[in-house]
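In: Quick one, what's the 3D model for this:
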Amino acid sequence: MGVDLVELIKWYLVFICSTSAHEAAHAWAARRLGDDTGARQGLLSLNPQPHLMRSPVGMVVVPLLSFIFGGWMIGWASTPYDLAWAERHPRRAALMSAAGPAANLAIVLAAAFAMRLGIEWGVLRAGSGSLGSLVVAREVDGLGAFFARMLSLSFSLNLLLGAFNLLPVPPLDGSALPLAVLPAGAALLALRAYAQEEPRRAQLQSLADKLTYQSGDITLRDGLAKVSVPAGFRYVNPAGTETLLTGIWGNPPGRQSTLGMLVPETFDPFQRGAWAVVISYDEDGYIKDDDADDLNYGDLLKSMKEEVTRVSAERVKDGYSSIELVGWAAPPRYDRATHKFYWAKEVKFGDSPEHTLNYNIRILGRRGVLVLNAIAGVEQLHEIEAATPTILSMVEFNSGQRYSDFTPSTDKVATYGLAALVAGGVAAKAGLFKGLIAILIAAKKLIFVGLAAVMAFLRRLFGGKPQEPSAVTIEPSAPPESRKDEGQQD
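Out: Sure, this is the predicted structure:
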């Protein structure tokens, strides 16, 4: 198989320069808008070296192989960004995504101007209309022929690179552009779909692989309580719980440290139906349960909804999705014998069609309350309710810390009762969700219909004869890069 080495070099020079400009534009826009992740990694540069080092397969191996075996180049590169920043500022994330194709468009316009100027001056003339021969030099050989070829390639490759990346399919840049106009909640969901790329998933999987699962008797907080983990469940320590909640599931960092987490034995953080129970401790004092039989849960729900509405407005201002308390998924129940209190709330985030379940368990103690919050979807309600007796039996205060060990003369009494225990912090507790591994937008086949029409326009612009347009079908592979930008030429 014969390969024209000079032609390969021309294509490759245009490819790496165009792709580097595309990625540098992403890094530049991100830094201007508040995220310097790409800039700190040296990607705010037109120098191809840092981009080659970050994406050697997409910038070297694949382009060269595609040219050798196909006569044209395809490849990709990527620029990292702070996902927490993007979730807080989805519209800024959209502008960052648009910057890459905008850079390609700028190169297209510059090449078009240079080609048109060359034609007007008589240095260039219209070529065959193929990707690399939109214009040719009046002199067949020499420097003019080289520049004519480079201008033609620069125009064509950047037009296709920019247009292909505007397709609204993750992980291409076009999938993030709706963030600029969508409501905050819908933008957040779209952003999470946009974030489903292979390197990000590999990073998340790496975090998941480091989680340590335990069984048997686990002591909590220097002897405060213990968890007896039976067959069918596992325990994750506090450090692993923080990794799971913030690093993998994408929650904002917690204001309060946890005591760990309980998960089913078959737990997989990336499964749609995965659920977990987070354990923490509120040392607010001994909570009297005298009013247990007098609580009006209907009135309580009404006041809780009003509070969530108020807090939701503050969340939206901070760039997070709104929260709506839909109602009870399971009304509160209090067991006087064990001093265990449990209920479930149905919560809606933003415009998501799927509601979140917050199943709450409180175990009253001598100086405070053990807090157990289940993080799950509403569809897991029956599964969690079935597991609740087992979960309740797992967690107990140790001797000396139990509700019955309360000493009125020395121990502090909480300033609130059971009603406030249910209502307090509802928005903060509801803020735990499984968000980062969202549903990927299924795209079996993309129809890039306009390619032939674009080529006809180019021929008209540079003097070629128009031909009948025909559709071109592109079937992309699964996304293997963090915002993988594919430069596809046909």
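In: where do the strands sit along the stretch 351-490 of the chain?
Out: Secondary structure of the stretch 351-490 of the chain (DSSP state E, counting those that start in this stretch): strands at 356-364, 369-377, 395-397, 446-448, 472-474, 485-488.
In: Check which helices and strands the top helix by length along the chain is in contact with.
Out: If you go by DSSP state H, the chain has its longest helix at helix 90-121. Under the contact definition 3 or more CB pairs under 8 Å, 6 or more residues apart in numbering; DSSP states H and E, helix 90-121 sits against helix 5-32, helix 83-88, strand 124-126, strand 135-137, helix 143-165, helix 184-194, helix 451-462. All C-beta spots, glycine's among them, are computed from the backbone N, C-alpha and C.
In: pLDDT of the last one, averaged?
Out: If I follow you right, that is helix 451-462. Mean pLDDT, helix 451-462: 42.
In: Show me what Trp343 bridges to in the sheet.
Out: Beta-bridge partners recorded for Trp343 (DSSP bridges): Asn360.
In: now for the helices and strands packed on helix 90-121, which one comes closest to Leu95?
Out: helix 5-32 (5.9 Å; CB to CB).
In: buried stuff in the closest one?
Out: Buried residues in helix 5-32, counted by 16 or more other CB atoms under 10 Å: 8, 10-12, 14-31.
In: Please apply the same query to stretch 360-371.
Out: Buried residues in stretch 360-371 (16+ other CB under 10 Å): 360-371.
In: Endpoint to endpoint, that stretch covers what distance?
Out: Start-to-end span of stretch 360-371 (CA to CA, to the nearest Å) is 8 Å.
In: Now do that stretch, average pLDDT.
Out: 94.
In: so where is this protein shaky, pLDDT-wise?
Out: Within the chain, the segments meeting pLDDT under 70 span 1, 128-132, 138, 140-141, 178-201, 250-256, 272, 318-321, 351-353, 424-490.
In: Helices along the stretch 251-400 of the chain, start to end?
Out: Using DSSP state H, counting those that start in this stretch, the helices found in the stretch 251-400 of the chain span residues 297-317, 381-394.
In: Mind putting the ones you listed into JSON lines with distance to His51 and mean neighbour count?
Out: Shown next, in JSON lines, are the helices of the stretch 251-400 of the chain (distance: least, CB to CB, whole Å; neighbours: other CB atoms under 10 Å):
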{"stretch": "helix 297-317", "distance to His51": "36", "mean neighbour count": "14"}
{"stretch": "helix 381-394", "distance to His51": "47", "mean neighbour count": "15"}
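In: Now render those as CSV, adding distance to Leu204.
Out: As requested, these are arranged in CSV below (distance: least, CB to CB, whole Å):
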stretch, distance to Leu204
helix 297-317, 24
helix 381-394, 24
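In: Those helices: which one's closest to Thr415?
Out: Nearest of the helices of the stretch 251-400 of the chain (CB to CB): helix 297-317, 17.4 Å.
In: helices and strands around that closest one, which ones?
Out: Looks like helix 297-317 contacts strand 323-335, helix 418-423, helix 426-430 (3+ CB pairs under 8 Å, 6+ apart).
In: if we can go back for a sec, could you tell me the angle between the longest helix of the chain and helix 143-165?
Out: Direction vectors for helix 90-121 and helix 143-165, defined by axes from the mean of the first three to the mean of the last three CA atoms, to 10 degrees, enclose an angle of 150 degrees.
In: May I see the buried residues of helix 90-121?
Out: In helix 90-121, counting by 16+ other CB under 10 Å, buried: 90-105, 107-108, 111-112, 114-115, 118-119.
In: beta partners of the closest residue to Ala145 other than its chain neighbours?
Out: If the residues on either side of it in the chain are set aside, Ala145 comes closest to Ala137, at 4.4 Å by CB to CB, 6 or more residues apart in numbering. Beta bridges link Ala137 to Leu124 when assigned by DSSP bridges.
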